[in-house]
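Asks: what follows is a predicted protein model with its sequence.
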Amino acid sequence: MQRRVVMVVFPGFQLLDLAGPSDVFATAALLAPEDGYQVEVAAVRAGPVPSGNGIAVTARALGEVTGPVDTLMVVGGMSVPGQLGDRELVEAVARLAAGARRVASVCNGAFLLAEAGLLDHRRATTHWLSAGELAARYECVEVDADPLYIEDGDVWTSAGVLSGVDLALALVARDHGHALARDVARGLVVYLHRPGGQSQFSTPMRAMTPRSEPLRELQAYIDANPAADLSVPALAARVGMSERHFSRVFTGQTGLSPGRYVERSRAEAARRLLEVTAHPLDRVARESGLSTPETLYRVFRRHWRISPGDHRRGFRSKEK
């Protein structure tokens with residue numbers, strides 16, 4: 001039996017918040033038609049609804065949505081603050097949520113859930129830029145700005161924009177198992193179901209993107225191959241520069257020295273391995289390029305201010 005997913009939009013919504021999760025559900029329906037999803041788009045008024053980038057989608061009226069709803073998902077967008085006073089929208093979200101099996105939000109769509117009272121005394125996340133405002137505006141919501149998404153009972157919230165894809169993959173995995181979620185991710189060529197407790201931040205987000213194409217390719221190579229020889233001589237040879245010139249150009253274009261960037265990248269790789277594998281620490285150290293558990297402990301503490309073991313235990317408790 002197909003599961004009915006109602007996506008709530010409004011003028012100025014973020015198109016990716018709608019398109020990403022909708023494509024996950026549609027791909028799941030394609031791969032498993034007998035157990036897939038039926039996606040509907042609804043807004044306060046029926047007809048074309050312009051997104052923030054000007055592309056419009058056709059929606060049905062929220063007032064016309066009747067019958068059982070499996071998943072009610074509210075998208076986000078730059079116009080969300082202006083929508084919080086739309087009582088027709090907020091009350092429609094509250095009404096449909098009361099009869100839905102579960103409720104979800106993407107990005108700052110969490111504000112609309114909070115305005116409808118659906119996040120009261122729950123743990124929730126949103127785009128990191130809006131987390132402080134969400135916490136200040138709704139004091140009864142426990143806001144965590146770090147995870148990609150959070151499940152609290154029958155309410156799921158995700159971080160910014162494309163984390164909605166991770167959230168939708170998690171919902172597919174919950175409904176149909178990780179094998180289907182994996183196949184959907186492969187079909188869409190996206191990350192294989194990143195865990196919700198994974199941070200919104202990553203090493204590439206914390207360093208500037210180099211202007212030159214060879215350095216951008218080198219940065220990607222470093223992030224993808226933490227266990228490789230990433231010494232300055234090896235990296236300089238890879239881009240055909242002298243070591244001195246390479247160090248100067250790399251630092252100038254990324255804001256980090258090559259050694260500092262490599263260490264951060266390896267610390268990030270170690271964190272991912274701790275979160276998504278059960279590898280012992282010596283294997284995590286080896287595969288993240290940090291060689292030994294002692295080096296792993298020292299570098300991890302320096303970058304994340306927590307021991308590898310405590311991080312793994314804390315991450316798993318967040319996932320429960």
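Replies: Received the coordinates, thanks.
Asks: just list what the host helix or strand of M7 packs against, helices and strands only.
Replies: In this assignment (DSSP states H and E), M7 forms part of strand 3-8. Applying 3 or more Cβ pairs under 8 Å, 6 or more residues apart in numbering; DSSP states H and E, one finds that strand 3-8 makes contact with helix 15-31, strand 37-43, strand 69-74, helix 87-99. Quick note: C-beta positions are derived from backbone N, CA and C, even for glycine.
Asks: contact partners of the shortest one?
Replies: By Cβ atoms under 8 Å, 6 or more residues apart in numbering, the residues outside strand 69-74 that reach it are 3-8, 21, 37, 93, 96-97, 99-106, 109, 112-113, 171.
Asks: in the helix or strand containing A285, which residues are buried?
Replies: Here A285 sits within helix 281-287, counting by DSSP H and E. Using 16 or more other Cβ atoms under 10 Å as the test for burial, helix 281-287 gives L281, V284, A285, R286, E287.
Asks: which other helices and strands does it contact?
Replies: Partner elements for helix 281-287 (3+ Cβ pairs under 8 Å, 6+ apart): helix 258-276, helix 293-304, helix 308-319.
Asks: output the second one in PDB with nothing but the alpha carbons.
Replies: Spelled out, that is helix 293-304. Extracted C-alpha coordinates of helix 293-304, given in PDB (Å, rounded to 0.1, in the frame of the first residue of the first chain):
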ATOM      1  CA  PRO A 293      45.300   5.600  18.300                       C
ATOM      2  CA  GLU A 294      47.500   8.000  20.200                       C
ATOM      3  CA  THR A 295      47.600  10.400  17.300                       C
ATOM      4  CA  LEU A 296      43.900  10.000  16.700                       C
ATOM      5  CA  TYR A 297      43.200  10.800  20.300                       C
ATOM      6  CA  ARG A 298      45.500  13.900  20.300                       C
ATOM      7  CA  VAL A 299      44.200  15.300  16.900                       C
ATOM      8  CA  PHE A 300      40.600  14.500  17.700                       C
ATOM      9  CA  ARG A 301      40.700  16.300  21.100                       C
ATOM     10  CA  ARG A 302      42.400  19.300  19.400                       C
ATOM     11  CA  HIS A 303      39.700  19.700  16.800                       C
ATOM     12  CA  TRP A 304      36.500  18.500  18.500                       C
END
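Asks: what about the helices in the stretch 151-300 of the chain?
Replies: For the stretch 151-300 of the chain, applying DSSP state H, counting those that start in this stretch gives helices covering 163-176, 178-188, 203-206, 213-224, 232-238, 243-254, 258-276, 281-287, 293-304.
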